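Q: my questions are about this predicted structure, shown below with the sequence.
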Amino acid sequence: MSETAPHRRKNLLTGEYVLVSPQRMARPWQGERKKAQDEKRTRHDPTCYLCPGNERSGGITNPDYEGTFVFQNDFPALLEESEKRADADLFIEEPARGEARVICYSPDHSATLARMSATNRRSVVDTWCSLSAEVGSRWAYVQIFENKGAMMGASSPHPHGQLWASDFVPTEVRREDDRQREYFERSGTSLLAEVAKREAEAQQRIVTQNERWLVIVPHWAAWPFETLLIVRADDRRLEDLDEEGREALVDILGELLPAYDRLFDTDFPYSMGWHGAPHQLGDDTGHWRLHAHFYPPLLRSPDIRKHMVGFELLGEAQRDLTPEAAAERIRAELR
């Protein structure tokens with residue numbers, strides 16, 4: 001079987017396909033290039049609306065926080081109250097309710113999850129877990145995520161993530177729920193538990209692992225250096241993680257994220273997010289396995305990124321670098 005022949009791979013979590021075109025890695029690049037800039041890092045930026053003691057929109061002043069700091073988003077995409085929408089047989093609308101919060105990881109404006117101490121990363125992990133439990137008691141679904149870097153639309157370089165909770169289960173998560181449930185009902189096994197088992201046997205796409213977590217470039221990855229972080233234990237939501245699971249998560253993030261940064265010697269941009277069983281399901285979660293997606297846009301260097309355009313927008317996702325080659329590249333940067 002040729003390693004450079006184009007082919008398609010099925011995303012087991014969504015049922016969608018990605019086109020893999022390894023032969024295109026030889027093409028010359030004359031597309032968008034942006035010069036990598038040396039970032040001036042300071043522990044406190046008086047103009048940053050997320051730094052301790054600074055003023056946010058509407059005259060709100062941040063406390064002089066010393067660890068993580070969570071507040072209701074000043075410009076939320078979802079509100080706790082919504083209006084009934086007019087019924088229509090073609091142009092369908094429905095109300096959407098929820099809430100949104102900002103999670104400041106650290107008072108240090110110059111920090112990132114990759115550069116934080118293990119102690120500070122543990123504080124972030126504990127905050128994720130407690131928020132999932134608290135907010136999930138009121139809403140159908142809780143999405144915790146981080147957009148890192150201006151390339152991924154982050155409005156501030158201050159280390160932070162977000163929480164959006166909704167009275168509905170979003171489309172991507174609904175797809176994952178359906179695929180995992182179908183597999184569980186057919187086999188009696190969690191889909192991601194089986195994926196983790198097969199990847200551990202194959203060893204081709206593993207980036208790093210410990211007793212509680214596994215990081216792979218998934219077989220169906222669309223983004224060049226996309227990774228999937230899967231819990232090994234039967235944990236379905238963040239709040240299910242015990243002490244050992246949380247500490248192991250701190251450790252594996254401390255391996256993966258610095259390796260990303262070393263890949264192109266830059267603060268590696270990405271969108272990451274946790275997918276756990278929707279709280280709307282109650283205890284009907286046997287088919288779920290907690291996992292996190294990392295979607296970095298960089299393709300060849302700090303100034304060349306992957307664009308999801310053309311065929312990707314109109315047809316289906318496409319990648320040039322194979323997942324196996326991407327995993328090997330990231331593994332080489334582990335310390």
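A: Received it, and whenever you're ready, just let me know what you need.

Q: what sits closest to the spatially most central residue of the chain if chain neighbours are left out?
A: Nearest to the mean C-alpha position of the chain, counting by Cα atoms, centre = their mean, stands M272 at 1.8 Å. In space, M272 comes closest to F294 once its chain neighbours are excluded; the distance is 4.6 Å by Cβ to Cβ, 6 or more residues apart in numbering. Where C-beta positions appear, they are placed from N, C-alpha and C, glycine not excepted.

Q: and the residue nearest to the centre of the chain, what are its phi and psi?
A: Dihedral angles of M272 (phi, psi; degrees, to the nearest 10) stand at phi -130, psi 150.

Q: contacting residues around it?
A: F145, E146, K148, A292, H293, F294, Y295 (Cβ atoms under 8 Å, 6 or more residues apart in numbering).

Q: same check on R335?
A: E255, P258, A259.

Q: pop out the phi and psi values for the last one.
A: To tie it back to what came earlier, the one meant is A259. Torsion angles, degrees, to the nearest 10, at A259: phi -60, psi -40.

Q: that one contacts E328, doesn't it?
A: No - with contacts counted by Cβ atoms under 8 Å, A259 stays clear of E328, the gap being 12.0 Å.

Q: which stretches in the stretch 101-250 of the chain count as helices?
A: Counting by DSSP state H, counting those that start in this stretch, the stretch 101-250 of the chain has helices at residues 118-136, 171-187, 191-202, 243-263.

Q: tabulate these (TSV), appending distance to I230, mean neighbour count and mean pLDDT.
A: Below are the helices of the stretch 101-250 of the chain laid out as TSV (distance: least, Cβ to Cβ, whole Å; neighbours: other Cβ atoms under 10 Å; pLDDT from 0 to 100):
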stretch	distance to I230	mean neighbour count	mean pLDDT
helix 118-136	16	18	98
helix 171-187	12	16	98
helix 191-202	5	17	97
helix 243-263	11	19	98
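
Q: let's have these in CSV, adding distance to C48.
A: What follows is the helices of the stretch 101-250 of the chain, written out as CSV (distance: least, Cβ to Cβ, whole Å):
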stretch, distance to C48
helix 118-136, 18
helix 171-187, 31
helix 191-202, 38
helix 243-263, 21
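
Q: closest to S110 out of these?
A: Closest approach to S110 among those is made by helix 118-136 (12.6 Å; Cβ to Cβ).

Q: what about R262, distance to E328?
A: As for R262, its distance to E328 is 14 Å (criterion: Cβ to Cβ, to the nearest Å).

Q: same question for Y270.
A: Going from Y270 to E328 by Cβ to Cβ gives 19 Å.

Q: so between these two, which is more surrounded?
A: Set side by side, Y270 and E328 give different neighbour counts by other Cβ atoms under 10 Å, the larger being at Y270 (23 against 14).

Q: quick one: residues contacting the residue nearest to that one when sequence neighbours are not counted.
A: Leaving aside its sequence neighbours, Y270 sits nearest to P296 (Cβ to Cβ, 6+ apart; 4.1 Å). Counting by Cβ under 8 Å, 6+ apart, P296 touches W223, P224, F225, E226, Y260, F268, P269, Y270.

Q: one more: F311?
A: F311 makes contact with L19, Q318 under the criterion Cβ under 8 Å, 6+ apart.

Q: on that earlier part again, let me have the contacts of R335 in TSV, extended by distance to P170.
A: What follows is the contacts of R335, written out as TSV (distance: Cβ to Cβ, whole Å):
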residue	distance to P170
E255	29
P258	31
A259	29
